[in-house]
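Visitor: Turn this into a structure:
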Amino acid sequence: MSKVIVALSVSVDGYITGRDPRPGHGLGDGGQLFDWYFNGDTPSQVLDGFKLSEPSARVFDAAADRVSVTIAGRNTYEDSDGFDGGSPHAKTTLIVVSHRPVPQLSERQHHATSIEDAIAKARELAGDKDISLMGGGVTTAALAAGLVDELVLHQIPVLLGGGRSFFQELPAHIKLRVVEVVPAPGVTHLHYTVER
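Guide: Below is the predicted model of the structure:
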């Protein structure tokens with residue numbers, strides 16, 4: 001059965017964007033959150049254009065190769081200019097979670113009105129591959145509903161001081177178990193499973 005994973009770059013103070021994220025400027029002033037995608041000489045074996053350090057390439061490719069469907073929230077979708085009709089991961093289908101209709105979805109994009117519906121639809125589409133969540137609101141909703149299996153925090157050594165938070169307020173504590181910690185140039189990869 002497909003696993004639901006979250007793998008996002010995050011500042012030490014917990015932000016997944018800098019200040020003022022918006023269409024055409026998706027990460028606000030937090031672009032350095034993704035410098036690790038291009039700070040090495042090891043090309044990704046899964047996605048074109050990424051040149052990572054060797055430890056980051058191993059972590060990145062292992063996660064990217066598992067995913068077939070990405071679920072994003074409306075803010076992430078709009079701030080990313082609709083992913084130009086595709087998905088943040090070139091080989092995945094995208095489901096956008098929004099209470100309002102999402103105009104101009106491409107054939108690779110779908111709409112769901114709740115995280116539960118999005119994950120149910122993603123499971124139908126994913127086959128034996130995994131489902132990735134993108135965005136703080138979607139992640140928080142899925143954690144609150146008990147639907148997340150794994151978290152990967154690509155922690156960047158910067159304090160952004162503002163932006164969109166990785167996690168919003170949760171209704172209860174959620175216990176995590178450390179699977180792996182991988183230090184790499186410009187990032188520390190923290191892999192957890194969610195304990196139920």
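Visitor: so what's A142 up against?
Guide: V4, V6, I71, I115, I119, L133, V148 (CB atoms under 8 Å, 6 or more residues apart in numbering). Placement of C-beta: from N, CA and C, glycine included.
Visitor: Assess the claim that the fourth one and A72 are in contact.
Guide: Meaning I115. No - using CB atoms under 8 Å, I115 is not in contact with A72; the gap is 11.1 Å.
Visitor: list the residues that contact both of those two?
Guide: What both I115 and A72 touch, as defined by CB under 8 Å, 6+ apart, is the set V97, V138.
Visitor: nearest residue to the residue located most distally from the centre of the chain other than its sequence neighbours?
Guide: Computed with CA atoms, centre = their mean, the residue of the chain farthest from its C-alpha average is D41, at 23.4 Å. Nearest residue to D41 in three dimensions, chain neighbours excluded: K51, at 6.1 Å (CB to CB, 6 or more residues apart in numbering).
Visitor: for Y192, same thing?
Guide: L176 (4.0 Å).
Visitor: what's near enough to touch the one you found?
Guide: L151, Y192, T193, V194, E195.
Visitor: Quick one: residues contacting D65.
Guide: Q45, V46.
Visitor: Now the element after the helix or strand of the chain with the lowest mean pLDDT, going C-ward?
Guide: Every helix and strand in the chain was compared by mean pLDDT, DSSP states H and E; the lowest is helix 74-79, with a mean of 90. Scanning forward in sequence from helix 74-79 by DSSP states H and E, the next helix or strand is strand 93-97.
Visitor: Partner strands of the next helix or strand along the chain from that following strand, with direction?
Guide: Remark: after strand 93-97, the chain's next helix or strand is strand 109-112, criterion DSSP H and E. Using DSSP bridges, strand 109-112 pairs in its sheet with strand 93-97 (parallel).
Visitor: which residue sits closest to the spatially most central residue of the chain in space, ignoring its chain neighbours?
Guide: Residue closest to the average C-alpha location in the chain (CA atoms, centre = their mean): M134, at 3.4 Å. Closest residue in space to M134, ignoring its immediate chain neighbours: A72 at 4.3 Å, by CB to CB, 6+ apart.
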